[in-house]
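[1] I'd like to go over a predicted model; first the sequence, then the structure.
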Amino acid sequence: MSPSSAVVILPVKPPAVGKSRLVSIPVARRELAAAFALDTAAAALAAPRVTAVLALTDDHLFADELAGVGCIVLPDPVDGDLNGSLRQGAAEVRRRWPDARPAALCADLPALLPEDLDAALAVVLGRPGPSFVADTEGTGTVLYSASLEDFDPRFGTGSADAHALGGADAVPGDLPTLRRDVDDAPALAAATRLGLGARTRALLH
Ligand SMILES: Nc1nc2c(ncn2[C@@H]2O[C@H](COP(=O)(O)OP(=O)(O)OP(=O)(O)O)[C@@H](O)[C@H]2O)c(=O)[nH]1
Ligand SMILES: C=C(OP(=O)(O)O)C(=O)O
């Protein structure tokens with residue numbers, strides 16, 4: 001039987017070193033990366049098909065902020081290896097929530113609406129095999145999900161093609177706020193047009 005809910009695995013690079021391509025924005029980079037991740041976490045927690053958000057970060061102070069919005073937080077299981085950490089995260093999801101599907105979600109989605117995430121999860125949970133959601137540009141990935149047996153995330157440069165080559169099926173549909181990851185200033189302007197989450201909006205005002 002297909003699972004009816006997902007546990008989101010949210011990897012967050014320590015905000016002080018994340019989002020290196022946003023240095024031109026006149027706001028402290030740490031605060032911006034932190035606001036992106038907290039807005040992403042809050043939207044994910046509000047999606048009906050999400051049972052829990054398991055955040056992975058090596059920033060111990062920021063871990064408390066993620067816990068404050070309702071995440072369960074663990075340190076990176078594997079140092080400097082995003083995909084390795086996500087695989088360990090999926091194993092932890094199986095231990096804690098055996099009936100849920102693990103879904104890795106990037107933490108740089110400050111415009112994310114729960115409705116878009118939930119619509120994508122409806123597709124993901126209805127499939128037996130792995131799925132991914134490509135970013136707006138179509139080259140990167142914002143979400144990857146599979147059962148633990150099949151869980152083989154390939155985040156990194158060109159990850160949309162890598163996930164497809166690995167046998168994952170793309171999730172169709174507009175899903176504008178889910179696909180809009182923010183790596184640079186033009187992407188932040190596009191996210192602002194979609195509507196930013198509360199923490200990012202407050203910071204940029
Ligand atoms: N926990 C953890 N998260 C990571 C790691 N590497 C990347 N991430 C997260 O994975 C997601 C996608 O990464 P990128 O878009 O490359 O983010 P970034 O490294 O902050 O951005 P750049 O500095 O522009 O490369 C973001 O949510 C990052 O915070 C890692 O080693 N550990
Ligand atoms: C890690 C990824 O994010 P970005 O392309 O935003 O660095 C990815 O798309 O796989």
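    Looks like it came in fine. Ligands and ions are numbered 1, 2, ... in the order given.
[2] any idea which element Ala44 lies in?
    In the assignment (DSSP states H and E), Ala44 maps to helix 29-45.
[3] by contact count, what packs against that helix?
    For helix 29-45, the helices and strands in contact under the criterion 3 or more Cβ pairs under 8 Å, 6 or more residues apart in numbering; DSSP states H and E are strand 6-11, strand 50-56, helix 60-68, helix 114-125, helix 198-204. In short, each C-beta sits where N, CA and C put it, glycine included.
[4] Residues contacting the shortest one, please?
    When you say that, I think you mean strand 6-11. Residues outside strand 6-11 that contact it (Cβ atoms under 8 Å, 6 or more residues apart in numbering): 37, 40-41, 44, 49-57, 66, 71, 76, 82, 85-86, 89-90, 93, 96-97, 100-107, 121, 124-125, 145.
[5] got a list of what the residue of the chain found nearest ligand 2 touches?
    Here the chain gets closest to ligand 2 at one residue, Gly140, 2.5 Å apart by Cβ to the nearest ligand atom. Listed by Cβ under 8 Å, 6+ apart, the contact partners of Gly140 are Ala134, Gly158, Ser159, Ala160, Asp181.
[6] Now stretch 160-171: average pLDDT?
    The pLDDT scores in stretch 160-171 average 98.
[7] gap between the two ends of that stretch?
    11 Å (Cα to Cα, to the nearest Å).
[8] Please apply the same query to stretch 56-74.
    This stretch, stretch 56-74, spans 5 Å end to end (Cα to Cα).
[9] Can you give me the buried ones in that stretch?
    Neighbour-count burial for stretch 56-74, counted by 16 or more other Cβ atoms under 10 Å, picks out Leu56, Thr57, Asp58, Asp59, Phe62, Ala63, Glu65, Leu66, Val69, Cys71, Val73, Leu74.
[10] Tell me which residues are up against it.
    If you take Cβ under 8 Å, 6+ apart as the criterion, stretch 56-74 is touched by 9-16, 34, 37-38, 41-42, 45, 52-55, 75-77, 79, 85-86, 89, 92, 96.
[11] Could you confirm whether the helix holding Ala44 reaches ligand 2?
    No - applying Cβ under 6 Å from any ligand atom, one finds helix 29-45 separated from ligand 2 by no less than 11.3 Å.
[12] Give me the angle between that helix and strand 50-56.
    160 degrees (axes from the mean of the first three to the mean of the last three Cα atoms, to 10 degrees).
[13] quick one: helix 29-45 to strand 6-11, angle?
    Going by the same axes, to 10 degrees, helix 29-45 is angled at 170 degrees with respect to strand 6-11.
[14] Rounded mean pLDDT for helix 29-45, please.
    Across helix 29-45, the average pLDDT comes to 96.
[15] tell me the angle of that helix relative to helix 60-68?
    Angle, helix 29-45 to helix 60-68, by the same axes, to 10 degrees: 30 degrees.
[16] could I get helix 29-45 in CSV with only the CA atoms?
    Extracted as CSV, the C-alpha positions of helix 29-45 are listed here (Å, rounded to 0.1, in the frame of the first residue of the first chain):
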residue,chain,number,x,y,z
ARG,A,29,24.2,36.6,4.6
ARG,A,30,23.8,34.4,7.7
GLU,A,31,20.4,36.1,8.5
LEU,A,32,19.2,35.7,4.9
ALA,A,33,20.1,32.0,4.7
ALA,A,34,18.6,31.4,8.1
ALA,A,35,15.3,33.2,7.1
PHE,A,36,15.1,31.1,3.9
ALA,A,37,15.4,27.9,5.9
LEU,A,38,12.9,28.9,8.6
ASP,A,39,10.4,30.0,6.0
THR,A,40,10.9,26.7,4.1
ALA,A,41,10.5,24.7,7.3
ALA,A,42,7.3,26.6,8.4
ALA,A,43,5.7,26.1,5.0
ALA,A,44,6.6,22.4,5.0
LEU,A,45,5.2,21.9,8.5
